[in-house]
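Enquirer: Provided below are the primary sequence and the corresponding predicted coordinates.
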Amino acid sequence: MPEVKRIITPLTEDVSRSLKAGDTVLISGTIYSARDAAHKVMTEALDRGETLPVDFTNQIVYYLGPSPAKPGRPIGSAGPTTAGRMDAYTPKMIEQGLKGMIGKGYRSDAVVDSMKKHGTVYFAAIGGAAALIAKTIKTYEVLAYPELGAEALAKLTVEDFPAIVVIDCEGNNYYEEGQKPYRKI
Amino acid sequence: MRTIEVEKVTEAIAKMCVDACYYLTPDVYDALVAAKSTEESPLGKELLTRLVENADIAREEQMPICQDCGMAVVFLEIGQDVHFTGGNLEDAVNAGVAKGYTEGYLRKSVVSEPLFNRKNTGNNTPAVVHLSIVPGDKVKIKMTPKGFGSENKSALKMLVPADGLEGVKKVVLDTVKTAGSNPCPPMVIGVGIGGTMEKASLLAKKALMRPVNKHNANPDYAKLEEELLTMVNKSGLGPQGLGGTTTAIGLNVEYYATHIAGLPVAVNISCHATRHAEVEL
């Protein structure tokens, strides 16, 4: 395994631009979680000219809908959800200053174009490894849209959250590069 | 005639929902462990190690393997000499799902209506229930929590007989390639061949519930399972779609009689967290 890069949030553009597709990283600090319904509400708010509940400048968003926390624990199981479902909303979120996204799966060309323009990086968390990832989440606090349940906008504190850079700020895609040597059919 | 209180069904289902979400079945767990030693990509190996670690943490800490605790799919095989008392059977199934998902701290992901008002029902009901009447006086309940990261990547194709074996292979490979990294590979793949469109889909779902280390009893279909699995693993997707030789850890085929004019093929994709539970009352 190559060397693991440590990332402390906020994620500034010089750091995001230094990350390359295929890099293994451990993320620590504050990140935000939002998925389908929260993205829809936020982009609708932006369309109405309103300010978002969070300033996303130099921040990372995690596409997450956790399972409920058992008593005494900050969060339940917490693996990534499919990022492509957010694609329709993502360029608008990137314009808000977002520098990192954590999810799983492919992204649209429009998202990649916007990432290249604004220096935003896309990380894959390990899909399905929800119990393992939960251990790296120290706090979980709903900030807005509590009525959306698991889909609410929330703030998380993470310590050594494991992820892999799959699309970097130049548009290099590790799903493509990683698969190539093993594609026999 | 044997009498069974529907309350027993509720209790059994509640426990199955929790057990299925917390504990990976031995066949799937062992397949992940075995894949660690055969995977050729170093990153793929590392990811498989993490997935095994994840299953261990979930079991030890009694938490869901995946945050998507799925929509509950329940198969009831009811002996024809059984008489249920104490209430409506399907209500009892749903009461079990509500109890299991609430008391087990499982994520409730079901919305009451798909298009106009997607409101979460709050208790993961209703379940998708399949009933069949079989000889005898026992009730066999099979339950699988089906996550939608993988369910969304499933497909049904109505081939014509001339498409034959090559046509079936193409449908499976195309479906896997289109699914890509989204369904959290390594996948388990259920293939249903024959019947009608809905029968093929049901066969594919049933195929997912058969242990991954148990081949179809028909040697032709057992050989097909091996061929399709080898083919899928040559796609290069690998663990998490980041490259490697383990795209799937299991591929099961179920078949049924069909019409002279048709060759339905359904491919139901499941993730590495292929969960299922089974009890007999």
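Expert: Good, I have the coordinates.

Enquirer: three-state assignment of the residue positioned nearest the centre of chain A?
Expert: Centroid-nearest residue in chain A, with CA atoms, centre = their mean: A:Ile102, separated by 2.2 Å. Assigned with DSSP: H, G, I helix; E, B strand; the rest coil, A:Ile102 falls in the strand class.

Enquirer: For it, list the residues it contacts.
Expert: Shown in contact with A:Ile102 (CB atoms under 8 Å, 6 or more residues apart in numbering or on different chains): A:27, A:31, A:60-63, A:80, A:122-125, A:161, A:163. C-beta here means a position set from N, CA and C on the backbone, and glycine is covered the same way.

Enquirer: Show the pLDDT at it.
Expert: For A:Ile102, the model assigns a pLDDT of 97.

Enquirer: The one 4 residues further on now?
Expert: Predicted confidence (pLDDT) for A:Tyr106: 93.

Enquirer: In a strand, it, correct?
Expert: No. Counting by three-state DSSP, A:Tyr106 falls outside a strand, being coil.

Enquirer: which phi and psi does it have?
Expert: When read as degrees, to the nearest 10, the backbone of A:Tyr106 gives phi -70, psi 160.

Enquirer: Tell me how many other residues crowd it.
Expert: 20 (other CB atoms under 10 Å in any protein chain shown).

Enquirer: among the contacts of A:Ile102, which are in strands?
Expert: A:Ile27, A:Ile31, A:Ile60, A:Val61, A:Tyr62, A:Tyr122, A:Phe123, A:Ala124, A:Phe161, A:Ala163 (DSSP state E).

Enquirer: for chain A, what are the nearby residues on the stretch 101-250 of chain B?
Expert: B:105-109, B:120, B:149, B:152, B:173, B:180-184, B:231, B:234-238, B:240-245 (CB under 8 Å from any CB of the partner chain).

Enquirer: Buried ones among these?
Expert: B:105-109, B:120, B:149, B:173, B:180-184, B:231, B:235-238, B:240-245 (16 or more other CB atoms under 10 Å in any protein chain shown).

Enquirer: tell me, how many neighbours does B:Gly262 end up with?
Expert: Using other CB under 10 Å, B:Gly262 has 15 neighbouring residues.

Enquirer: One more: A:Glu147?
Expert: Neighbours around A:Glu147, by other CB under 10 Å: 10.

Enquirer: Also A:Ala34?
Expert: Neighbour count for A:Ala34, taken as other CB under 10 Å: 28.

Enquirer: nearest residue to it other than its sequence neighbours?
Expert: In space, not counting the residues next to it along the chain, A:Ala34 is nearest to A:Leu153; the distance is 4.9 Å by CB to CB, 6 or more residues apart in numbering or on different chains.

Enquirer: In chain A, where's the longest helix?
Expert: Taking DSSP state H as the criterion, chain A has its longest helix at helix A:36-47.

Enquirer: Identify all contacting residues around that helix.
Expert: By CB under 8 Å, 6+ apart, helix A:36-47 touches A:34, A:51-52, A:85-86, A:89-90, A:92-93, A:96, A:144-145, A:148, A:151-153.

Enquirer: Ends of stretch B:255-267, what's the gap?
Expert: Terminal residues of stretch B:255-267 are spaced 12 Å apart (CA to CA, to the nearest Å).

Enquirer: Please point out which parts of it sit buried.
Expert: B:Tyr255, B:Thr258, B:Leu263, B:Pro264, B:Val265, B:Ala266, B:Val267.

Enquirer: what's the answer for stretch B:38-56, then?
Expert: B:39, B:41, B:43-48, B:50-52, B:54-55.

Enquirer: Over to stretch B:119-128?
Expert: B:Asn120, B:Asn123, B:Asn124, B:Thr125, B:Pro126, B:Ala127.

Enquirer: shaky segments in chain A?
Expert: Scanning chain A for pLDDT under 70 picks out A:1-2.

Enquirer: circling back: does the residue nearest to A:Ala34 touch A:Ile31 like I think?
Expert: No. Counting by CB atoms under 8 Å, A:Ile31 is not a contact partner of A:Leu153; they are 11.9 Å apart.

Enquirer: Export the buried residues of stretch B:119-128 as CSV, with columns for secondary structure.
Expert: Formatted as CSV, these follow (three-state DSSP):
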residue, secondary structure
B:Asn120, strand
B:Asn123, coil
B:Asn124, coil
B:Thr125, coil
B:Pro126, coil
B:Ala127, coil
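
Enquirer: before we move on, the earlier item: which of the buried residues of stretch B:38-56 fall in helices?
Expert: Reading helices off the buried residues of stretch B:38-56 with DSSP H, I get B:Leu43, B:Gly44, B:Lys45, B:Glu46, B:Leu47, B:Leu48, B:Arg50, B:Leu51, B:Val52, B:Asn54, B:Ala55.

Enquirer: Which of the buried residues of stretch B:255-267 fall in strands?
Expert: B:Tyr255, B:Thr258, B:Leu263, B:Pro264, B:Val265, B:Ala266, B:Val267.

Enquirer: ok, these vs A:Ser114, which is closest?
Expert: B:Val267 (33.0 Å; CB to CB).

Enquirer: what residues are up against the closest one?
Expert: B:Ser154, B:Ala155, B:Leu156, B:Val171, B:Val172, B:Thr175, B:Val176, B:Ile189, B:Gly190, B:Val191, B:Ala204.

Enquirer: roughly how far apart are the fifth one and chain A?
Expert: Between B:Val172 and chain A the distance is 12 Å, computed by CB to the nearest CB, to the nearest Å.

Enquirer: sorry, back to before: now narrow the buried residues of stretch B:38-56 to whatever sits close to chain A.
Expert: Within these, those near chain A by CB under 8 Å from any CB are B:Ser41, B:Leu43, B:Glu46, B:Leu47, B:Arg50, B:Leu51, B:Asn54, B:Ala55.
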